[in-house]
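A.B. asks: 3D, please:
(one chain, ligands or ions: 1)
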Amino acid sequence: MQPDTRVVHTEVPALTSTPLSVPLYQTSGFSFTDLDAFADGMTRPDGAFVYTRFGNPTVRALEDAVAGLEGGTAALATASGMGAINAVLLAHLAAGDHVIAQRALYGGTLALLGDLERRWGVTVTYVGGHDPEEVRAARRPETRVLYLETIANPTGHVSDLPALAEAAGDDVLTVVDNTFASPLLCRPIEHGADVVVHSATKYLGGHSDVTGGVAVFADDDRYRETWRHSVELGVTPDPFAAWLTLRGLRTLALRVRAHERNAEVLARRLAGHPAVRAVHWPGLDTHPSHTVAKRLLDGYGSTFSFDLADAEAGRRFVTALELVRLAPSLGGPETLVLHPASTSHRQLDDGQLAAGGITGGTIRLSVGIEDADDLWHDVSRALDR
Ligand code: PLP
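C.D. replies: Purely as a prediction, here's the structure:
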């Protein structure tokens, strides 16, 4: 072969040993010697890998890892958490269907539910998330989905998953966003969920360097249905994003515990500070979800909110911090702060903010893994200012 040909056709080495970390298959497609295997691979997620939008070995390693952690049969990795939520909801809803959703949810999810109502002919009933009777009363013949968050963003509300899933009934798909808990603190499928969604951008990736999502399914048919739809939707992650998430996942257990140790220190000290009206960390026995959290979770998480007097105090606090950075997202090594009413939940009107437990003075902290006293020094100095 001439050099012009050789440079194009680099051989992929065949292995006789197993790499210690999952290799990055940074390829958009795969070649075949068998046309039938090629055609078959396009019809199902467990055929041969054909095209990365349909499946990729690096992405599959991430899907299998998270499915295993969550106790699901299979998982679908996506390009973002919102990609996972969209893939699941759009694969299971049609015009005329009804959704029951918890009132306190991530702002992006609430915005999506609002769009589904306005433009797609889906109706949504919001419930508090404490009372199974409220879910039972909201049920209609056309109810298809019950949508919950394990630890709600940003109020730390913990839904009674088994009671609510049971109240929704077997024919309703219970979808639980487990981003704030991670599978180390809660595995919603064990508590009756049918689908678990994650923003892998947060604790799963864990290093503030990748955007991704995962949906985990208790049932294989639901998985296949969503896979088919996701191929059309095009929400597949790039293999490098999946690889970064896999790399982060290896230290998830260490990170989650370190985050939570710091969160407890800050939550307890904040609760004793005169400028703080309330602290919404479910590990405190004053939190309305404390009892449910103790029963369902193996820890209380490390992203939580607290309330200052008003919006002006909130704005002054977030810009007075020096070590803690004013930024979106959560679950990375560095401690981040944001003002939900003007950022993560900006799409909500005053009524929706109040229903979600968010005031102008509400501040959200994603507590990192720095030294706890350094963090408190920065937070208390900003509070004093
Ligand atoms: N779910 C929760 C609880 C979130 O906090 C977020 C983002 O902040 C998302 C989903 C969306 O994830 P992503 O930003 O990866 O699309």
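A.B. asks: ok, residues contacting stretch 30-40?
C.D. replies: 41, 47-51 (Cβ atoms under 8 Å, 6 or more residues apart in numbering). No exception for glycine: its C-beta is placed from N, CA and C like everyone else's.
A.B. asks: Give me the PyMOL select line for these, limited to the buried ones.
C.D. replies: The following PyMOL line selects those of the contacts of stretch 30-40 that are buried, judged by 16 or more other Cβ atoms under 10 Å:
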select buried, resi 41+48+49+50+51
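A.B. asks: Pull the most distant pair out of the contacts of stretch 30-40.
C.D. replies: Spanning the widest gap among these are 47 and 51, at 11.4 Å by Cβ to Cβ.
A.B. asks: What residue in the stretch 1-150 of the chain comes nearest to the ligand?
C.D. replies: Residue nearest to the ligand within the stretch 1-150 of the chain: residue 81 (2.4 Å; Cβ to the nearest ligand atom).
A.B. asks: so what's the residue nearest to that residue when sequence neighbours are not counted bridging to?
C.D. replies: Among residues not flanking residue 81 along the chain, residue 199 sits closest, at 2.6 Å (Cβ to Cβ, 6 or more residues apart in numbering). Counting by DSSP bridges, residue 199 forms beta bridges with residue 213.
A.B. asks: ok and the residue in the stretch 101-250 of the chain nearest the ligand?
C.D. replies: Here the stretch 101-250 of the chain gets closest to the ligand at one residue, residue 199, 3.0 Å apart by Cβ to the nearest ligand atom.
A.B. asks: so how many other residues sit close to that residue?
C.D. replies: Look at residue 199: counted by other Cβ atoms under 10 Å, it has 29 neighbours.
A.B. asks: Quick check: the residue of the stretch 1-150 of the chain closest to the ligand touching residue 213?
C.D. replies: Yes - in terms of Cβ atoms under 8 Å, residue 81 counts as a neighbour of residue 213; the distance is 4.1 Å.
A.B. asks: Strands along the stretch 1-150 of the chain, start to end?
C.D. replies: For the stretch 1-150 of the chain, applying DSSP state E, counting those that start in this stretch gives strands covering 74-78, 98-102, 123-127, 143-149.
A.B. asks: Single out the most deeply packed of these.
C.D. replies: strand 74-78 (a mean of 29; mean count of other Cβ atoms under 10 Å).
A.B. asks: So for stretch 142-157, first residue to last residue, what's the gap.
C.D. replies: 27 Å (Cα to Cα, to the nearest Å).
A.B. asks: Please report how far residue 183 lies from residue 294.
C.D. replies: Applying Cβ to Cβ, to the nearest Å, the value for residue 183 to residue 294 is 18 Å.
A.B. asks: one step back: can I get the contacts of stretch 30-40 in CSV with distance to the ligand and pLDDT?
C.D. replies: As requested, the contacts of stretch 30-40 are exported to CSV (distance: Cβ to the nearest ligand atom, whole Å; pLDDT from 0 to 100):
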residue, distance to the ligand, pLDDT
41, 28, 97
47, 28, 97
48, 29, 98
49, 25, 98
50, 26, 98
51, 23, 98
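A.B. asks: from the contacts of stretch 30-40, which single one is nearest residue 271?
C.D. replies: Residue 271 has its nearest neighbour among those in residue 49, at 51.5 Å by Cβ to Cβ.
A.B. asks: Tell me which residues touch that closest one, please.
C.D. replies: For residue 49, the contact set (Cβ under 8 Å, 6+ apart) comprises 30, 41, 55-57, 60.
A.B. asks: switch the cut-off to 10 Å
C.D. replies: Residue 49 sits next to 25, 27, 29-30, 41, 55-57, 59-60 when contact means Cβ atoms under 10 Å, 6 or more residues apart in numbering.
A.B. asks: Let's have those residues in TSV, adding distance to residue 168.
C.D. replies: Putting those into TSV (distance: Cβ to Cβ, whole Å) gives the following:
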residue	distance to residue 168
25	39
27	41
29	41
30	40
41	36
55	31
56	34
57	36
59	31
60	31
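A.B. asks: near the ligand, which residues of the stretch 101-250 of the chain show up?
C.D. replies: With Cβ under 6 Å from any ligand atom as the criterion, the stretch 101-250 of the chain meets the ligand at residues 106, 108, 149, 153, 177, 179-180, 199, 201, 211, 213.
A.B. asks: From the residues you listed, which shows the smallest pLDDT?
C.D. replies: Lowest pLDDT within these is found at residue 153 (85).
A.B. asks: and that residue, backbone torsions?
C.D. replies: Note on residue 153: its backbone torsions stand at phi -90, psi 120 [degrees, to the nearest 10].
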